[in-house]
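Visitor: sequence and predicted structure are below.
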Amino acid sequence: YVNLSEDPDVHFKYIEAAANTQQMKEVERMTRESNFYDAQKTKQFLMEAKLQDSRPLINVCDRHDMISDLTHYLYNNQMLRFIEAYVQKVNPSKTPEVVGALLDLECDEQFITNLILSVRSLLPVAPLVAEVEKRNRLKLLNGFLDHLVNEGSQDPDVHDALGKIIVDSNNNPEHFLTTNPYYNSLVVGKYCEKRDPTLACVAYKRGECDDALVECTNKNSLFKAQARYVVERMDAELWAKVLVEDNPHRRSLIDQVVSTALPESKNPEQVSVTVKGFMAAELPNELIELLEKIVLQSGSEFAENKNLQNLLILTAINASGWLFSMIENRVLSEAAWGVKEEREKADEARRGMVLAAPGTRRQLWWVLTALRLSRTPRCVAVGGRQKLGVRAVGYTVSVHHCRRRRMRGVTEAMGWVRMRATRWWGGRLRAAMRP
């Protein structure tokens with residue numbers, strides 16, 4: 001009759017009667033096969049009955065996800081062998097919940113460790129780590145995780161948990177974060193943020209987690225680390241993101257890029273991408289700071305880089321609101337900058353904008369000084385081939401020229417700027433510059 005009935009009371013009464021008459025096989029069969037008994041009512045009855053065989057209770061709790069109640073009952077009644085049988089033979093996937101309940105009951109750690117090791121590769125690592133981590137007992141898994149790693153496991157969950165343990169124990173975490181190829185950078189980095197943000201940056205850098213690293217460094221004012229990462233990353237989209245106008249931390253980042261990150265770099269590609277990033281963000285004054293640091297600083301890796309020198313001059317001129325353009329002839333190309341090798345650029349100069357690099361960093365420095373002194377300039381400096389000396393009077397910059405050669409007038413092609421040689425006077429050439 002019970003096999004044909006779907007009445008929950010009929011099924012419960014059958015289980016109750018079988019238990020009271022010690023027909024344990026029928027109790028076990030009904031709790032395993034029946035889909036109609038009231039799970040909560042049946043669980044309560046079996047716990048109160050305190051049967052020597054706990055398989056019926058295990059069936060009910062396993063089928064209806066009452067693992068915590070089952071674990072509490074078995075532990076409190078010293079039925080540890082049934083706990084072991086359950087996780088080893090019945091349902092290893094429920095081991096994390098069993099372990100969590102045992103930790104709440106302050107069970108002996110050695111028993112829990114042995115229980116975990118007895119299941120080993122059959123149990124899911126991520127839920128187990130989550131249960132243990134919620135209770136701040138991650139170190140409990142150290143031996144289990146080492147076993148899995150020694151067996152060749154490449155599961156990211158295994159290496160994530162191992163990384164968290166190493167970070168907590170401060171056991172040379174930098175080495176693990178930089179050399180281990182299997183852990184999830186976002187997971188471990190987020191875990192490190194509350195403990196040591198610099199370690200979080202190491203993890204994010206390894207995984208190229210741009211957004212997470214920028215957010216972490218902004219929140220913890222680690223702008224030097226952010227600057228080094230952005231420079232080394234060499235990504236135009238990342239530069240656009242960090243140099244956006246509404247970024248409240250942009251100035252702090254720029255300061256560290258100029259003072260630390262880029263001067264440390266020996267890679268021309270890093271410099272190139274950084275400069276392009278500043279240009280794309282339309283930051284001429286900041287770009288001047290940057291170029292001055294890497295071009296004018298004595299001993300800089302890029303001090304003799306002609307392209308960067310030219311870019312520095314051009315940026316300085318544009319930032320001042322003035323342009324040099326259309327250098328007309330070879331005489332001006334040679335006389336204005338004093339670089340004999342620039343003669344071959346005369347033809348190119350006639351066709352458009354040309355800035356010939358000066359012969360020395362000192363000359364370049366004076367050109368920039370002249371441009372800065374003439375923020376609303378009436379004249380701009382041009383120098384001779386053999387000597388270049390500059391002195392400023394108000395907004396007028398006079399340039400000593402050692403060769404007595406006349407200069408032809410130069411007119412900018414677009415009509416924005418007119419630069420006209422005025423006259424010779426005691427070996428001094430004064431050039432007027434008017435809008």
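Guide: Done, it's in. Numbering: from 1, shown residues only.
Visitor: quick one: L291 and L308 touch, right?
Guide: Yes - using CB atoms under 8 Å, L291 is in contact with L308, at 6.1 Å. Any C-beta I mention is one placed from the backbone N, CA and C, and that applies to glycine too.
Visitor: could I get the full set of helices for the stretch 1-150 of the chain?
Guide: 8-20, 24-33, 39-49, 55-63, 67-76, 80-85, 95-104, 109-119, 125-134, 142-150 (DSSP state H, counting those that start in this stretch).
Visitor: pull out the buried residues from the fifth one.
Guide: By neighbour count, and taking 16 or more other CB atoms under 10 Å as the criterion, the buried residues in helix 67-76 are 67, 69-75.
Visitor: and the shortest one, by the same measure?
Guide: Of the residues in helix 80-85, those buried under the neighbour-count criterion (16+ other CB under 10 Å) are 82-84.
Visitor: kindly report the same for the first one.
Guide: Within helix 8-20, the residues that qualify as buried by neighbour count (16+ other CB under 10 Å) are 8, 10-12, 14-16, 18-19.
Visitor: kindly report the same for the last one.
Guide: Judged by neighbour count using 16+ other CB under 10 Å, the buried positions of helix 142-150 are 144-145, 148-149.
Visitor: quick check: mean pLDDT of that helix?
Guide: For helix 142-150, the mean pLDDT works out to 92.
Visitor: wait, which of the buried residues of helix 8-20 is closest to R251?
Guide: Nearest to R251 among the buried residues of helix 8-20: P8, at 70.4 Å, using CB to CB.
Visitor: wait, the closest one touches Y37, no?
Guide: Yes - contact criterion CB under 8 Å: P8 and Y37 qualify, at 5.7 Å.
Visitor: would you mind measuring from S169 to L162?
Guide: 11 Å (CB to CB, to the nearest Å).
Visitor: try E28
Guide: Looking at E28 against L162, where the rule is CB to CB, the gap reads 41 Å.
Visitor: swap in L253?
Guide: 33 Å.
Visitor: give me the more crowded residue out of those two.
Guide: L162 (24 against 21; other CB atoms under 10 Å).
Visitor: which of the helices or strands spans that one?
Guide: Secondary structure from DSSP states H and E places L162 in helix 156-169.
Visitor: quick check on S153: phi, psi?
Guide: phi -70, psi 130 (degrees, to the nearest 10).
Visitor: circling back: format the buried residues of helix 8-20 as CSV; extra columns: pLDDT.
Guide: Listed next are those as CSV, based on pLDDT from 0 to 100:
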residue, pLDDT
P8, 90
V10, 92
H11, 93
F12, 94
Y14, 93
I15, 94
E16, 93
A18, 93
A19, 93
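Visitor: distance to E97 added to these, as a markdown table?
Guide: Shown next, in a markdown table, are those (distance: CB to CB, whole Å):
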| residue | distance to E97 |
| --- | --- |
| P8 | 26 |
| V10 | 31 |
| H11 | 26 |
| F12 | 26 |
| Y14 | 29 |
| I15 | 25 |
| E16 | 28 |
| A18 | 29 |
| A19 | 26 |
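Visitor: ok, and the closest non-adjacent residue to Y37?
Guide: Among residues not flanking Y37 along the chain, H11 sits closest, at 4.0 Å (CB to CB, 6 or more residues apart in numbering).
Visitor: quick check: that neighbour vs E28, distance?
Guide: In terms of CB to CB, H11 sits 14 Å off from E28.
Visitor: quick one: the strands in this structure?
Guide: Assignment of strands within the chain using DSSP state E yields the ranges 390-393, 396-400, 410-411, 418-425, 428-434.
Visitor: give me the mean pLDDT for the shortest one.
Guide: When you say that, I think you mean strand 410-411. pLDDT averaged over strand 410-411 gives 26.
Visitor: cool, the longest one as well?
Guide: In this model, strand 418-425 has a mean pLDDT of 28.
Visitor: with stretch 304-317 instead?
Guide: pLDDT averaged over stretch 304-317 gives 68.
Visitor: follow-up on the earlier one: got JSON lines for the buried residues of helix 80-85, with distance to Y182 too?
Guide: As requested, these are arranged in JSON lines below (distance: CB to CB, whole Å):
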{"residue": "F82", "distance to Y182": "36"}
{"residue": "I83", "distance to Y182": "32"}
{"residue": "E84", "distance to Y182": "31"}
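Visitor: looking at those residues, which is nearest E193?
Guide: Comparing the buried residues of helix 80-85 against E193 with CB to CB picks out I83 as the nearest, at 36.4 Å.
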